[in-house]
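Student: I need the structure of the sequence given here:
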Amino acid sequence: MTGAREEVEGRDIWTFKGVPYAAPPVGELRWQAPRPVASWTEPRESKTYSPSCPQEGQSEGSMVDYLPVGTTSEDCLYLNVWSPAASPDDRLPVMVWIHGGSFESGSGSMPVYEGTNLATRGIVVVTINYRLGPLGFLAHPALSAESSEGVSGNYGLLDQVAALRWVRNNIAGFGGDPANVTVFGESAGGISILDLIVSPLAVGLFDRAIVQSGILLDYGFGVSTAGTLEAAETAGEDYARLLGVDAAGDVLAQMRAKTLEELLGVAAAPAEESSLMEQGLTWKPIADGYLLPDLPSKLWAEGIRQSVPLLIGSNADEGNAFLAGLTVSVGDYEARMRQIFGPHAEEALALWPAVTPEEVTPAFSRMLTEVGFASTARFAARAMSAPGAATTGASGLGGPAAPVYLYQFTRVPLDNPLGAFHGVEIPYVFGTAGLFSGLGQVLQTDYDLSATISGYWTRFAATGDPNGGEAPEWPRYDEVSDRHLELGDTIGAGFGLHQAACDLADRVRGLD
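Tutor: I've put the predicted structure just below:
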């Protein structure tokens, strides 16, 4: 395999793009678990990115304009590698990035995920594609019947498992250490990691985890069926009918004959019963009984998870990007809050009051930020920093407490009206904050913060502890002290992050 070499900061960085980690999921392999890629005998040139997985186009005029997807193809199961290794014997720490995008958009080749800057810190960086939308997460009774495991859906997560297995088996050839792998991701990527941590199929495939703005989809209020195989199969049957599939005929043959335009042109509705955090996600992972033996929040609560060091957190204004332009009356807001919080509604309305229509969107955004993202991060931090279930059988899940580091990102770049919005920390992690220059002036403050955050992330990947150098001390998390690190205009430790909101969320969820 031939890649490209570039000297950066006096160090040679080798880049290998478009490396296949699984067979193309096309034809009869559409809606199948990923299969091994065919070997090749001649040198393979890996200097250009592969197409992204099929997805609908992005909206214009938003802060995600610096995240172009490029061309798309159903043949998309490829990854990219950046390596500073001088030889395969270097055995450098490895970081594997799982991108976000609501499980419907994104790719591992977006400029904001360019791995060169992290590689200059002595890290082998890997970014991956995985199947999205209906191609990645469609469940259907006919697909389940075809499967040897009797399940369907979760193809995108199975792709991630296959990519991590490829890394374990092959990264040594790129100078990486297969026994020192950190998986990191944001939004849907963070959700994926929270799911992989409780999946028996992912045991032993990574050694540490970083979750940026991840949530547990079924970690909602009241009973949710949207995360189950049964509910997803029912939704899949509805989707097939919208495609014009004759249920009396060969359903799978008809569906596999559909074009990408037909598959992506159908707007499938989410399952009727869904938690707060599932709403708006049409396609998502499910508890299929195979990759996810049960609802992820239940597995986390019962300590049925891998014991791996965890760095986890969220941003100060997560909700703003989701609710921009929302117009809701005070009456409708209060009714929605009563629906969400039930008997705890008065307490919730006291925490997030809205007396005038102008106050509704900011109040709902704060609630979404604190309940949806911050409380999930605290829940996972507490679950990992406490002893888990006794390991049983060959699953490898459970085990002792592991080190946890909790953060909140607060920097507002370019005086953006959305604040420290969902996903804004990504360029600071990758050292690609210069991409903001197309949107306004990037300050030295942003470059300095990026250097500090990249240092924390890469030290954690190397050792399981983000501390070192001249960076402020990041305290290890435990439930009693409830400490976190603020990453923003100032960097420093705090405690009790959104404590009232997180405590309320725990009471509503029956976790207190």
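
Student: in the stretch 101-250 of the chain, which spans are helices?
Tutor: 116-119, 133-137, 141-146, 155-170, 188-197, 229-242 (DSSP state H, counting those that start in this stretch).

Student: helices of the stretch 351-500 of the chain, residue ranges please.
Tutor: 357-367, 375-384, 426-430, 444-463, 499-508.

Student: make TSV from the helices of the stretch 101-250 of the chain and add distance to residue 315 and mean neighbour count to it.
Tutor: For the C-beta atoms, the positions are set from N, CA and C on the backbone; glycine is no exception. What follows is those, written out as TSV (distance: least, Cβ to Cβ, whole Å; neighbours: other Cβ atoms under 10 Å):
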stretch	distance to residue 315	mean neighbour count
helix 116-119	20	24
helix 133-137	25	24
helix 141-146	36	17
helix 155-170	23	22
helix 188-197	11	27
helix 229-242	29	20
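
Student: next, format those helices as TSV and append mean pLDDT.
Tutor: Formatted as TSV, the helices of the stretch 101-250 of the chain follow (pLDDT from 0 to 100):
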stretch	mean pLDDT
helix 116-119	98
helix 133-137	97
helix 141-146	98
helix 155-170	98
helix 188-197	97
helix 229-242	94
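
Student: what bits of this structure have low per-residue confidence?
Tutor: Scanning the chain with the threshold set as pLDDT under 70 gives 57-68, 219-226, 267-280, 392-394, 438-439, 512.

Student: hmm, 80 instead?
Tutor: 57-70, 217-226, 267-280, 391-395, 437-441, 511-512 (pLDDT under 80).

Student: go ahead and flag the most central residue of it.
Tutor: In the chain, the centroid-proximal residue (Cα atoms, centre = their mean) is residue 189; its distance is 1.4 Å.

Student: contacting residues around that one?
Tutor: Going by Cβ atoms under 8 Å, 6 or more residues apart in numbering, residue 189 touches 97, 98, 99, 100, 212, 214.

Student: list only buried entries from these.
Tutor: 97, 98, 99, 100, 212, 214 (16 or more other Cβ atoms under 10 Å).

Student: closest to residue 71 among those?
Tutor: residue 99 (16.3 Å; Cβ to Cβ).

Student: so who does the closest one touch?
Tutor: With Cβ under 8 Å, 6+ apart, residue 99 has these contacts: 106, 107, 108, 110, 113, 127, 128, 185, 186, 188, 189.

Student: excluding sequence neighbours, find me the nearest residue to it.
Tutor: Spatial nearest neighbour of residue 99, excluding adjacent residues (Cβ to Cβ, 6 or more residues apart in numbering): residue 106 at 4.3 Å.

Student: so that neighbour touches residue 132, yeah?
Tutor: Yes. Using Cβ atoms under 8 Å, residue 106 makes contact with residue 132 at a distance of 7.3 Å.

Student: okay, and the common contacts of those two?
Tutor: Common neighbours of residue 106 and residue 132 (Cβ under 8 Å, 6+ apart) are residue 55.

Student: in the stretch 251-400 of the chain, which spans are strands?
Tutor: Listed in chain order, the strands of the stretch 251-400 of the chain (DSSP state E, counting those that start in this stretch) span 310-315.
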